[in-house]
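Participant: give me coordinates for this.
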Amino acid sequence: MTRENQFTSSIVWTGNTGAGTRTYRGYDRTWNVEIPGKPVIMCSNDPELGGDPTLMNPEDMLLSALSACHMLWYLHLASTAGIVVTGYRDEPLGIGETAPDGAGRFVRATLRPRISVARGADLDKADAIHRDIHKYCFIARSVSFPVTIEATFTTD
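Facilitator: Numbers count the residues shown, from 1 in each chain. Okay, the predicted model is just below:
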């Protein structure tokens, strides 16, 4: 039997510079993610749309969530398969497109984890784990664009 999981977040616009949205250029595209008991994440819009390039934007967060979910499931499945992971770093790449009317969407993403495993690990088995993750990861199961994996491995 499946069970329902609930997630919540507060998104708080911080960009009112005094006149609200009276004019299109008169407000900042900044906001916070606020979840009780967790650090506040200061965010902004994509820089191409007037956002602050030093802050996380929704696209950064979606790609990061996808990568993090994959990593956490990889670590779990590797552990249960007897693969000792000693390091994991991903530099995912998301590709989006913007229509002439401004509507955008992700069209694909590539996860590119560099994984260190203990000497003697079965690298074929370690690589095969990636194929099972899409069955479990909330984020990967929820996105409508293709996600590919280009993993590389090193041994300690």
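
Participant: mind checking the SS state of R141?
Facilitator: Assigned with DSSP: H, G, I helix; E, B strand; the rest coil, R141 falls in the helix class.

Participant: how many residues are close by it?
Facilitator: 11 (other C-beta atoms under 10 Å). Heads up, the C-betas are built off the backbone N, CA and C, glycines and all.

Participant: and the pLDDT at A81?
Facilitator: pLDDT, A81: 97.

Participant: let me fix that, I meant to ask about T155.
Facilitator: So T155 comes in at 94 (pLDDT).

Participant: do the same with E48
Facilitator: For E48, the pLDDT comes out at 84.

Participant: with P100 instead?
Facilitator: 94.

Participant: show me the contacts for I41.
Facilitator: N32, V33, M56, M61 (C-beta atoms under 8 Å, 6 or more residues apart in numbering).

Participant: ok, so what distance separates it from A65?
Facilitator: Distance of I41 to A65, computed by C-beta to C-beta, to the nearest Å: 12 Å.

Participant: mind saving the C-alpha coords of stretch 57-68 as PDB?
Facilitator: Extracted in PDB, the C-alpha atoms of stretch 57-68 (Å, rounded to 0.1, in the frame of the first residue of the first chain):
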ATOM      1  CA  ASN A  57      17.000  30.800  -8.800                       C
ATOM      2  CA  PRO A  58      14.200  28.300  -9.300                       C
ATOM      3  CA  GLU A  59      16.100  26.600 -12.200                       C
ATOM      4  CA  ASP A  60      19.200  26.200 -10.000                       C
ATOM      5  CA  MET A  61      17.100  24.700  -7.300                       C
ATOM      6  CA  LEU A  62      15.200  22.200  -9.500                       C
ATOM      7  CA  LEU A  63      18.500  21.000 -11.000                       C
ATOM      8  CA  SER A  64      20.100  20.800  -7.600                       C
ATOM      9  CA  ALA A  65      17.100  18.900  -6.200                       C
ATOM     10  CA  LEU A  66      17.300  16.400  -9.000                       C
ATOM     11  CA  SER A  67      21.000  15.800  -8.500                       C
ATOM     12  CA  ALA A  68      20.700  15.600  -4.700                       C
END
